[in-house]
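Peer 1: I'd like to go over a predicted model; first the sequence, then the structure.
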Amino acid sequence: SAEAPMKVLILYKTTGGGHKASAQALKDAFELNYGRNLEVTMLDVLPLCAPPFNKSDMYYDFMVKHPFLWRGAFAWSSTKWGERVGFAWYKVGLVDNLKKLFLQTSPDLVVSVHPLLQVPSLAALKALRVQQHEPRRIPFATVVTDYTTCHATWFDKGVDKCFVPTVETREFGERRGLTSSQLVMHGLPIRPAFSMLSSNKSRLRQRLGIKRGLNTVLIVGGGDGMGPVEETCVALDNRFEGGEGQIIVICGRNKKLVKSLQKRKWSSNVVVLGFVSNMHEWMSASDCIITKAGPGTIAESLACGLPIMLNNFIPCQEAGNIPWVIDNGVGDYSNEPDEVASTVLAWFRGGLRKMRKKALGLGRPEATFQIVDDLVALIKDTKWEPFKSGIMAKDLSSKFAVT
Ligand code: UDP
């Protein structure tokens with residue numbers, strides 16, 4: 001039609017890789033299914049934040065490497081006072097900048113894939129309406145990209161929709177007062193490629209240039225190749241005697257790890273890779289995965305039917321993923337490389353098929369498309385509500401001054 005395309009703005013923040021990956025997955029699915037009727041923009045709000053928050057990627061990288069700091073910050077910012085102080089800071093720069101952004105871009109929908117963007121975005125959207133006497137309400141949705149344990153600020157009663165990946169996160173949302181019409185559970189958004197997987201493992205292995213008939217273990221440490229990847233690879237290689245198995249190690253953006261692994265002599269078949277863009281193929285070609293407990297990698301592994309051996313996690317937001325994987329019967333956890341290797345070898349002697357079936361049952365490769373369909377429906381269903389100046393200004397002034 002000749003209608004102007006609807007504009008969707010997806011807000012993320014570069015702290016860790018997962019949020020951006022989910023934003024990209026949504027954008028890809030929007031474009032695949034809605035093509036020219038939609039214009040999707042992904043925006044990193046980090047540069048919009050007032051100092052010191054515009055450097056929060058640095059703090060995040062630092063804190064995640066020093067778990068006691070991260071645990072403290074995470075717990076404190078989840079308390080009522082922590083939330084207040086945090087948002088007072090945020091307000092300094094972010095709310096006004098977001099307001100300007102919304103004014104300039106005039107989106108038909110704003111989507112957040114980050115735990116700290118609900119309050120400032122909703123405040124900016126409200127402030128904009130007050131300022132402009134705008135009868136149009138811009139709908140706002142959250143897509144939660146943590147799997148089990150997560151930050152309280154993911155959930156804000158002011159959102160139109162909040163998409164959650166699991167029962168655990170839905171219950172958290174309910175405890176924060178969101179209604180059942182706000183909370184929608186489809187699954188974690190993963191790239192559309194994971195819903196179009198090849199079923200012929202042998203042909204896929206051939207195409208990827210790896211051995212066809214061997215027990216194949218994939219090792220990853222998230223997008224940044226974190227954790228005991230090398231030690232685990234060595235432990236497993238020691239046990240794969242006489243070349244009976246093969247190990248695919250994906251180091252992500254960790255170039256040092258690639259170099260270090262390439263220098264070693266292996267007794268089994270070890271394939272060392274840097275950052276790959278066809279993770280869905282490497283997963284489909286493998287028999288099981290050893291990984292950090294990242295939500296993206298877990299959701300993708302399930303979609304590919306891979307049993308999951310967890311060997312590392314980021315404290316707080318990834319900690320709950322460990323009991324989740326174990327209780328659902330799709331894997332195990334150990335931080336001892338030797339134990340990781342022996343557990344995986346035991347799986348090959350029996351049990352792999354049962355876990356694979358369970359993993360496929362839990363995988364939700366269609367989630368991304370379902371979320372995108374719901375978001376388009378949200379744009380269409382949002383009514384032009386007349387603006388009531390008194391009420392709006394009052395409930396705003398309690399939290400955020402309107403300029
Ligand atoms: N990933 C990728 N190529 C790589 C390494 C990782 O595409 O070489 C992707 C992986 O498929 C997943 C994401 O990076 O989508 C990692 O997200 P996760 O939530 O597991 O961990 P994070 O790195 O965000 O801590």
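Peer 2: Received, thanks. For clarity, every value in this text was computed on a predicted model and none was experimentally measured.

Peer 1: What are the boundaries of the helices in the stretch 151-300 of the chain?
Peer 2: Assigned helices in the stretch 151-300 of the chain, in chain order: 167-175, 201-208, 229-239, 255-263, 279-285, 295-303 (criterion: DSSP state H, counting those that start in this stretch).

Peer 1: can you give me the angle the helix or strand following the last one makes with helix 295-303?
Peer 2: Which is helix 295-303. For helix 295-303, the succeeding helix or strand toward the C-terminus, using DSSP states H and E, is strand 308-312. Strand 308-312 runs at 160 degrees relative to helix 295-303, counting by axes from the mean of the first three to the mean of the last three CA atoms, to 10 degrees.

Peer 1: which other helices and strands contact strand 308-312?
Peer 2: Strand 308-312 makes packing contacts with strand 288-292, helix 295-303, helix 321-327, strand 331-333, helix 337-349 when contacts are defined by 3 or more CB pairs under 8 Å, 6 or more residues apart in numbering; DSSP states H and E. C-beta coordinates here come from the backbone N, C-alpha and C atoms, glycine included.

Peer 1: Could I get the pLDDT score of the residue of the chain found nearest the ligand?
Peer 2: Closest approach between the chain and the ligand, counting by CB to the nearest ligand atom: residue 294, at 2.2 Å. Looking at residue 294, its pLDDT reads 93.

Peer 1: what does residue 360 give?
Peer 2: pLDDT at residue 360 comes out at 97.

Peer 1: same deal with residue 54?
Peer 2: Per the predicted model, pLDDT is 62 at residue 54.

Peer 1: What of residue 198?
Peer 2: 82.

Peer 1: got the residues of the stretch 201-350 of the chain near the ligand?
Peer 2: Residues of the stretch 201-350 of the chain found near the ligand (CB under 6 Å from any ligand atom) are 220, 222-224, 250, 252, 275-276, 279, 294-297, 300.

Peer 1: out of those residues, which is most surrounded?
Peer 2: Neighbour tally across these (other CB atoms under 10 Å): the maximum, 29 neighbours, falls on residue 294.

Peer 1: Show the backbone phi and psi for the closest residue to that one other than its chain neighbours.
Peer 2: Nearest in space to residue 294, with sequence neighbours left out and distances taken as CB to CB, 6 or more residues apart in numbering, is residue 222 at 4.6 Å. With angles defined as degrees, to the nearest 10, residue 222 sits at phi 70, psi -180.

Peer 1: Now do residue 222, the pLDDT please.
Peer 2: Confidence score, pLDDT, at residue 222: 91.

Peer 1: mind checking how far it is from residue 268?
Peer 2: Residue 222 sits 24 Å away from residue 268, going by CB to CB, to the nearest Å.
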